[in-house]
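J.: Provided below for reference: sequence and predicted model.
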Amino acid sequence: MSFFGKKDDPYEPGKSERESKQAAENQGPDGEKKPERPSNARIAIWVIVGAIGLYLLGSGLFGILTH
(Lines give C-alpha, C1' and ligand atoms only; values in the text may rest on other atoms or scores of the structure.)
Protein backbone atom coordinates (compact mmCIF):
# COMPACT_ATOMS: atom_id res chain seq x y z
CA MET A 1 0.00 0.00 0.00
CA SER A 2 1.41 3.36 -0.93
CA PHE A 3 0.89 6.58 0.98
CA PHE A 4 2.07 8.73 -1.93
CA GLY A 5 -0.43 7.65 -4.60
CA LYS A 6 1.71 5.12 -6.49
CA LYS A 7 -0.31 2.55 -8.40
CA ASP A 8 2.45 -0.08 -8.77
CA ASP A 9 1.87 -1.71 -5.37
CA PRO A 10 1.22 -5.45 -5.99
CA TYR A 11 -0.45 -6.06 -2.63
CA GLU A 12 -4.12 -5.54 -1.90
CA PRO A 13 -4.93 -3.59 1.26
CA GLY A 14 -5.52 -5.82 4.26
CA LYS A 15 -3.89 -8.90 2.73
CA SER A 16 -0.59 -10.48 3.60
CA GLU A 17 2.14 -11.08 1.05
CA ARG A 18 1.26 -14.80 0.94
CA GLU A 19 -2.43 -14.10 0.33
CA SER A 20 -1.62 -11.62 -2.43
CA LYS A 21 0.68 -14.13 -4.15
CA GLN A 22 -1.97 -16.87 -3.92
CA ALA A 23 -4.60 -14.55 -5.40
CA ALA A 24 -2.24 -13.67 -8.27
CA GLU A 25 -1.53 -17.36 -8.97
CA ASN A 26 -5.25 -18.20 -9.10
CA GLN A 27 -5.96 -15.67 -11.83
CA GLY A 28 -5.95 -16.41 -15.53
CA PRO A 29 -4.40 -14.20 -18.21
CA ASP A 30 -7.51 -11.99 -18.44
CA GLY A 31 -7.62 -11.38 -14.66
CA GLU A 32 -10.51 -13.74 -13.88
CA LYS A 33 -10.23 -16.61 -11.43
CA LYS A 34 -9.14 -19.93 -12.88
CA PRO A 35 -11.85 -22.56 -12.70
CA GLU A 36 -10.70 -25.28 -10.35
CA ARG A 37 -11.87 -28.86 -10.64
CA PRO A 38 -13.17 -30.43 -7.41
CA SER A 39 -10.85 -33.04 -5.93
CA ASN A 40 -11.59 -36.74 -6.33
CA ALA A 41 -12.20 -37.05 -2.59
CA ARG A 42 -14.84 -34.32 -2.70
CA ILE A 43 -16.58 -35.97 -5.67
CA ALA A 44 -16.55 -39.31 -3.82
CA ILE A 45 -18.13 -37.68 -0.75
CA TRP A 46 -20.85 -36.12 -2.95
CA VAL A 47 -21.61 -39.50 -4.54
CA ILE A 48 -21.74 -41.32 -1.18
CA VAL A 49 -23.92 -38.68 0.50
CA GLY A 50 -26.18 -38.55 -2.57
CA ALA A 51 -26.58 -42.33 -2.51
CA ILE A 52 -27.46 -42.29 1.19
CA GLY A 53 -29.99 -39.50 0.61
CA LEU A 54 -31.52 -41.36 -2.33
CA TYR A 55 -31.78 -44.52 -0.21
CA LEU A 56 -33.49 -42.66 2.64
CA LEU A 57 -35.88 -40.94 0.24
CA GLY A 58 -36.68 -44.20 -1.53
CA SER A 59 -37.21 -46.17 1.67
CA GLY A 60 -39.42 -43.40 3.05
CA LEU A 61 -41.58 -43.34 -0.08
CA PHE A 62 -41.77 -47.14 -0.06
CA GLY A 63 -42.86 -47.09 3.59
CA ILE A 64 -45.54 -44.47 2.90
CA LEU A 65 -46.90 -46.30 -0.14
CA THR A 66 -47.04 -49.77 1.50
CA HIS A 67 -48.86 -48.66 4.63
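T.: That came in fine, so what should we check first?
J.: How are the strands of the chain distributed by residue range?
T.: Taking DSSP state E as the test, none of the chain falls into strands.
J.: So, low pLDDT: which residues of it?
T.: Within the chain, the stretches with pLDDT under 70 are 1-15, 26-34.
J.: what domains does the record give for it?
T.: Recorded structural domains for the chain (assignment: automatic domain parsing) are 1-36, 37-67.
J.: any idea how far S39 lies from I45?
T.: As judged by C-beta to C-beta, to the nearest Å, S39 and I45 stand 9 Å apart. The way it works is simple: take the backbone N, C-alpha and C, and place the C-beta from them, glycine included.
J.: more neighbours, the two?
T.: With other C-beta atoms under 10 Å as the criterion, S39 and I45 differ in neighbour count, and I45 comes out ahead with 12 against 9.
J.: count of neighbours near T66?
T.: T66 has 6 neighbouring residues, counting by other C-beta under 10 Å.
J.: Same question for K21.
T.: Quick note: K21 (other C-beta under 10 Å) scores 13 neighbours.
J.: Thank you, goodbye.
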